[in-house]
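> sequence unknown, structure follows:
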């Protein structure tokens, strides 16, 4: 898998879930399909009066989730910003052309209540629970630092093998110390809870 | 539409998006299908080592989004809590029975890394963008106070009709003052922006 394939899959799925936080720090989520994809950015349409717009303006952090027919999850984490006034009409009209249903929701001139946001810096995580072992990988759009997640086995490992025994995905290999194959790890924490010498750390 | 039909639709869709906030107040979203539905509550499974579990333990606020094949969106907002130790095994085993794929992800005893959360107090919003005008309605699970959203026309209305003219959904009716049919409102804010006497308020 790679970034461009993930973006293509998101485009094919079409209707994605967008999560933001509101002014009270609460999670907010809704479906968005008014999205246009470029190789290095995505643009999406909402209306200026919606709480979603306010949350993007006030905070901007957004996570987008895509679930494919092959049971893959693709998650994009980035910060959205409103494009310049000059660019608003251009991207809006492209999105309305690509998604004809929008003209039924916002007929005629009412589309002018719309606002276009862009995300061009993001972390993109691919996660497939339908293969054995499960598979995950992370890509970047633009220049963002990815965040480490999950667990690692430190040099305190006594090589007892307990972690390997309790791993639901058999993704721990023997070595000088035992090692977690990060691409196959559920992040369930079972190794962490069972290590008798607390040699496993949460990243 | 009604609460029980919404819960049934969520169950039929199966794979839902769950949004939480992390320790930095950032939105976090993932797909969850390990859910069991009762008439007055839903129970879901995750692993104790996942960030999702930490976010639920630390904050608990969650929004769940369901998108149906009929292009309906159903959004449940509530607070999740871990069920008592006595109840953990009961609900976990019910969920593993209903969703056989879980035993592939967490084979044998490894399911014991799981934790069951319950939501029994929630606001449930139904939103259908595929009908004209669009339709929305809100229901409650348990005893929660629903939050008013959108716009209202106040008694400052001068009955000029501008709001009605610019409404993309034709959901504003004439009256002593003009009135927004709340069930058909996009919350786009076009009436609010165009009212010449600022008689329209955001709720």
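Nice, I can see it. As the structure is a computational prediction, the values presented were derived from the model and not from experiment.

> switch to C-alpha atoms for all contacts and neighbour counts from now on
Will do.

> For the helix or strand of chain A with the lowest mean pLDDT, which outside residues touch it?
The helix or strand of chain A with the lowest confidence, counting by mean pLDDT, DSSP states H and E, is helix A:102-105 at a mean of 94. Residues from elsewhere that reach helix A:102-105 (C-alpha atoms under 8 Å, 6 or more residues apart in numbering or on different chains): A:34, A:96, A:111, B:129, B:132, B:134, B:168, B:169.

> One more pass at 10 Å, please.
Residues outside helix A:102-105 that contact it (C-alpha atoms under 10 Å, 6 or more residues apart in numbering or on different chains): A:33-34, A:45, A:95-97, A:109-111, B:129-134, B:168-169, B:186.

> Just the buried residues out of those, in ChimeraX syntax.
Here is the ChimeraX selection string for the buried members of these, based on 16 or more other C-alpha atoms under 10 Å in any protein chain shown:
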select /A:33,34,45,95,96,110,111 /B:129,133,134,168,169,186
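
> Could you break chain A into its assigned domains?
A:3-141, A:151-202 (automatic domain parsing).

> Quick one: closest of the ones you listed to residue B:198.
Checking those against residue B:198 by C-alpha to C-alpha gives domain A:3-141 as the closest, at 14.3 Å.

> Closest to the centroid, which residue in chain A?
Nearest residue to the geometric centre of chain A (C-alpha atoms, centre = their mean): residue A:75, 2.0 Å.

> if we can go back for a sec, any idea how far the least confident helix or strand of chain A is from the middle of the chain?
Put simply, helix A:102-105 sits 27 Å off its chain's centre (C-alpha atoms, centre = their mean, to the nearest Å).

> Would you mark the buried spots in that helix?
Buried-residue list, helix A:102-105, by 16+ other C-alpha under 10 Å: A:102, A:105.

> now do stretch A:74-90
Residues of stretch A:74-90 classed as buried by neighbour count (16+ other C-alpha under 10 Å): A:74, A:75, A:76, A:77, A:78, A:79, A:80, A:81, A:82, A:83, A:88, A:89.

> give me every residue that touches residue A:137.
A:1, A:2, A:3, A:74, A:124, A:125, A:126, A:127, A:128, A:182, A:183, A:184.

> ok, now which ones touch the third one?
With contacts taken as C-alpha under 10 Å, 6+ apart, residue A:3 has the following neighbours: A:9, A:39, A:40, A:123, A:124, A:125, A:126, A:137, A:138, A:139, A:140, A:141.

> before we move on, the earlier item: following the least confident helix or strand of chain A, which helix or strand shows up next?
Downstream of helix A:102-105, the first helix or strand assigned by DSSP states H and E is strand A:114-119.

> where's the biggest helix by length in chain A relative to the chain centroid, distance-wise?
Ranked by number of residues, the top helix in chain A under DSSP state H is helix A:85-98. Counting by C-alpha atoms, centre = their mean, helix A:85-98 is centred 24 Å from the centre of its parent chain.

> what do you get for stretch A:128-135?
On C-alpha atoms, centre = their mean, the centre of stretch A:128-135 falls 17 Å from that of its chain.

> Give me the mean pLDDT for that stretch.
Stretch A:128-135 shows a mean pLDDT of 93.

> Need the contact partners of that stretch.
Stretch A:128-135 is contacted from outside by A:67-68, A:70-74, A:126-127, A:136-137, A:168-171, A:181-186, B:101-102, B:104-105, using C-alpha under 10 Å, 6+ apart.

> can you give me the strands in chain A?
A:16-21, A:27-32, A:35-38, A:41-47, A:61-67, A:72-79, A:81-82, A:114-119, A:122-128, A:135-141, A:151-153, A:172-173, A:179-180, A:200-202 (DSSP state E).

> ok, residue A:171 - how many residues close by?
18 (other C-alpha atoms under 10 Å in any protein chain shown).

> measure the nearest residue to it once chain neighbours are set aside to chain B for me?
Counting by C-alpha to C-alpha, 6 or more residues apart in numbering or on different chains, residue A:171 lies nearest to residue A:181, which is 5.4 Å off, once chain neighbours are set aside. Using C-alpha to the nearest C-alpha, to the nearest Å, one obtains 16 Å as the distance from residue A:181 to chain B.

> Provide a list of residues in contact with residue A:181.
A:135, A:152, A:169, A:170, A:171, A:172, A:173.

> Recalculate using a threshold of 8 Å.
So, once contact is read as C-alpha under 8 Å, 6+ apart, residue A:181 ends up touching A:171, A:172, A:173.

> And for residue A:149?
Counting by C-alpha under 8 Å, 6+ apart, residue A:149 has contacts A:187, A:202, A:203.

> which among the residues you listed end up buried?
Applying 16+ other C-alpha under 10 Å to the contacts of residue A:149 flags residue A:187 as buried.

> How about residue A:117, nearest residue that isn't a chain neighbour?
residue A:82 (4.2 Å).

> does the one you found really touch residue A:118, like I thought?
Yes. Taking C-alpha atoms under 8 Å as the definition, residue A:82 is a contact partner of residue A:118 at 6.2 Å.

> Looking at the contacts of residue A:149, which is nearest residue B:50?
residue A:187 (5.5 Å).

> so what's the closest one closest to, chain neighbours aside?
Residue A:187's closest residue in space is residue A:150 (C-alpha to C-alpha, 6+ apart), at 4.9 Å.

> and what of residue A:188?
Spatial nearest neighbour of residue A:188, chain neighbours left out: residue B:49 (4.5 Å); criterion: C-alpha to C-alpha, 6+ apart.

> tally of neighbours for that neighbour?
22.

> Go ahead and confirm it touches residue A:186.
No. Using C-alpha under 8 Å, residue B:49 is not in contact with residue A:186, being 9.0 Å away.

> Kindly state the pLDDT recorded for residue A:96?
Looking at residue A:96, the pLDDT reads 98.

> where's it relative to residue A:44, distance?
Counting by C-alpha to C-alpha, to the nearest Å, the gap from residue A:96 to residue A:44 is 11 Å.
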